[in-house]
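J.: Dropping a prediction and its sequence here:
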Amino acid sequence: MRPRQPFLDWAAQVDDSGLVPNVEGEQTVYLIPQFDDDNEAQKVLGRVFAEVFERELFGWHTDEAAWPQNRTLALFRKWFTIELHSVLEDLCDYELVDDEC
């Protein structure tokens with residue numbers, strides 16, 4: 001996912017430091033349920049977008065009162081460029097661990 005201009009505008013509005021997310025910088029990658037085709041991928045996106053949207057907002061500004069109130073899939077698509085990939089290769093020799101658990 002990469003932020004688009006509406007997200008950058010919001011970030012600049014809620015943070016007066018002059019910092020905004022770096023569109024070309026390091027991005028967050030989310031592992032989502034497996035899908036077999038684009039139609040199924042869109043269904044999965046419809047199920048997970050709300051959590052991803054909230055995580056992206058929280059990553060920039062923790063005051064939920066400043067978040068957009070009507071966070072629809074359409075708004076999510078306007079605020080982010082989304083890339084869905086069907087393959088993930090794990091080259092690590094150790095088990096992945098969720099550090100939030």
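T.: Thanks, I have it.
J.: Not counting residues beside it along the chain, what's closest to Val29?
T.: Using CB to CB, 6 or more residues apart in numbering and skipping residues adjacent in sequence, the residue nearest Val29 is Met1, 7.9 Å away. C-betas here are computed from N, CA, C, even on glycine.
J.: again with Ala66
T.: Per CB to CB, 6+ apart, closest to Ala66 is Val14, 4.8 Å.
J.: I'd say that neighbour and Ala65 touch.
T.: No - using CB atoms under 8 Å, Val14 is not in contact with Ala65; the gap is 10.0 Å.
J.: Neighbour count: these two, which is higher?
T.: Val14 (13 against 6; other CB atoms under 10 Å).
J.: and the more buried one, what does it touch?
T.: Listed by CB atoms under 8 Å, 6 or more residues apart in numbering, the contact set of Val14 reads Trp60, His61, Asp63, Ala66.
J.: The first one: what's it in contact with?
T.: Going back to what we said before, that points to Trp60. Residues counted as contacts of Trp60 (CB under 8 Å, 6+ apart) are Ala11, Val14, Asp15, Pro21.
J.: Show the end-to-end separation of stretch 74-83, please.
T.: 15 Å (CA to CA, to the nearest Å).
J.: ok, back up a step: quick check, nearest of the contacts of Trp60 to Ser86?
T.: Ser86 has its nearest neighbour among the contacts of Trp60 in Pro21, at 26.3 Å by CB to CB.
J.: and the closest one, helix, strand or coil?
T.: coil (DSSP: H, G, I helix; E, B strand; the rest coil).
J.: residues contacting Trp67?
T.: Counting by CB under 8 Å, 6+ apart, Trp67 makes contact with Glu54, Leu57, His61.
J.: Model confidence score at it, please.
T.: On pLDDT, Trp67 comes in at 97.
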